[in-house]
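Peer 1: I would like the atomic coordinates for the input below:
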Amino acid sequence: MNMKDNIDKKHIGNRKIIIELRYDAIPSIIDKKGTIVEVIEKANIFNILQWEIGNEIIIRDNEIKDEATNVITVAFNRFSFISYNIDSIESFYAKFKKIYEAIISVIGNPNIRRIGCRIIGTYIVKSNNYSDIITHLQEAFPAKFFLAQYPVRDFMFRLEHDNGMYQLGPLNLEDDFYEREFRGSKTIKHVGFVIDTDNYLTNEVKSINDKELIKDIYILSLSVEKDLYTNLANL
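Peer 2: Numbers count the residues shown, from 1 in each chain. As a prediction, this is how the structure comes out:
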């Protein structure tokens, strides 16, 4: 799969993508926090309206936490980029790449222990009726998974594989999922499906310092998301 082969935006209600790198702790970051903020500001990745320096650096594009659509976090042993504003999957990765290059220009090349990419979203499917989606799910799964005396009110399926996990489930308008994952005023509430895919690579077997591996994990996550949506779209 290449990055252009992804889900049409008209089928996505809400989506956030997270790339996180964990690395051997770098104590000198304590003296470089201000410089890290400055180089990220100069990189002009997005309009920075708020930054905080404490045990970790937090940089975001809105003073109100729940309204931020781009958030960078840098700590002694990890950094992450979260975006709720995905103009395109190419532009998201381009932003991440600028952030990565800005940070390593200050801290040097870290010894990466884990590369992770998580995609969490709500997706529009064929039916806009929650009861119909539940019925279609019951038809899709073996009958013995469901007991007639316990009517389905909510449902979440989780699967773990060698490189991560995914979970999915039906979504109603008043689902608690919105409060947990998408609190901002721009949240679109709809009936459909939740897809949450988390893929990673660790250095337990061999070094993962090659930066191209970050893109590989990103593309893997997009591929899992696309495959899951394709199989759910007609429910």
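
Peer 1: tell me which helix or strand of the protein sits lowest on mean pLDDT?
Peer 2: Of all helical and strand segments in the chain, the minimum by mean pLDDT, DSSP states H and E falls on helix 130-140, at a mean of 86.

Peer 1: Now the element after that helix, going C-ward?
Peer 2: Proceeding N to C from helix 130-140, the next assigned helix or strand is strand 157-161, under DSSP states H and E.

Peer 1: Please list all residues in contact with Asn209.
Peer 2: Asn109, Asn111, Ile112 (Cβ atoms under 8 Å, 6 or more residues apart in numbering). C-beta here means a position set from N, CA and C on the backbone, and glycine is covered the same way.

Peer 1: residues touching the second one, list them.
Peer 2: By Cβ under 8 Å, 6+ apart, Asn111 lies in contact with Tyr23, Asp24, Asn203, Asn209.

Peer 1: out of those residues, which are buried?
Peer 2: Among the contacts of Asn111, those buried by neighbour count (16 or more other Cβ atoms under 10 Å) are Tyr23, Asn203.

Peer 1: right, and the pair among the contacts of Asn111 with maximum separation?
Peer 2: Asp24 and Asn209 (10.7 Å; Cβ to Cβ).

Peer 1: Ile7 touches Glu225, doesn't it?
Peer 2: Yes: Ile7 is within contact range of Glu225, at 6.9 Å (criterion: Cβ atoms under 8 Å).

Peer 1: packing partners for whichever helix in the chain runs longest?
Peer 2: Looking across the chain with DSSP state H, the single longest helix is helix 212-232. In terms of contacts (3 or more Cβ pairs under 8 Å, 6 or more residues apart in numbering; DSSP states H and E), helix 212-232 is packed against strand 12-23, helix 89-107, strand 112-123, strand 164-171, strand 192-202.

Peer 1: The ones you listed: which one's closest to Ile64?
Peer 2: strand 12-23 (16.4 Å).

Peer 1: if I pick Pro170, what's in contact with it?
Peer 2: By Cβ under 8 Å, 6+ apart, the neighbours of Pro170 are Tyr130, Ile133, Ile134, Leu137, Asp154, Phe155, Gly192, Phe193, Val194.

Peer 1: Ile26: neighbour count?
Peer 2: 15 (other Cβ atoms under 10 Å).

Peer 1: quick one, phi psi at the residue of the chain positioned farthest from its centre?
Peer 2: In the chain, Gln149 marks the outermost C-alpha relative to the chain mean, sitting 36.6 Å out by Cα atoms, centre = their mean. With angles defined as degrees, to the nearest 10, Gln149 sits at phi -80, psi -10.

Peer 1: Which pLDDT value belongs to it?
Peer 2: On pLDDT, Gln149 comes in at 77.

Peer 1: swap in Phe146?
Peer 2: For Phe146, the model assigns a pLDDT of 73.

Peer 1: Give me the neighbour count for the residue nearest to it when sequence neighbours are not counted.
Peer 2: In this structure, Phe146 finds its nearest non-sequential neighbour in Gln138, 5.3 Å apart by Cβ to Cβ, 6 or more residues apart in numbering. Neighbours of Gln138 under the rule other Cβ under 10 Å: 16.

Peer 1: Against Tyr150, how distant is Gln138?
Peer 2: 12 Å (Cβ to Cβ, to the nearest Å).

Peer 1: Now Arg60. Nearest residue, chain neighbours left out?
Peer 2: Of all residues beyond its chain neighbours, the one nearest Arg60 is Ala68 (3.9 Å), with distances taken as Cβ to Cβ, 6+ apart.
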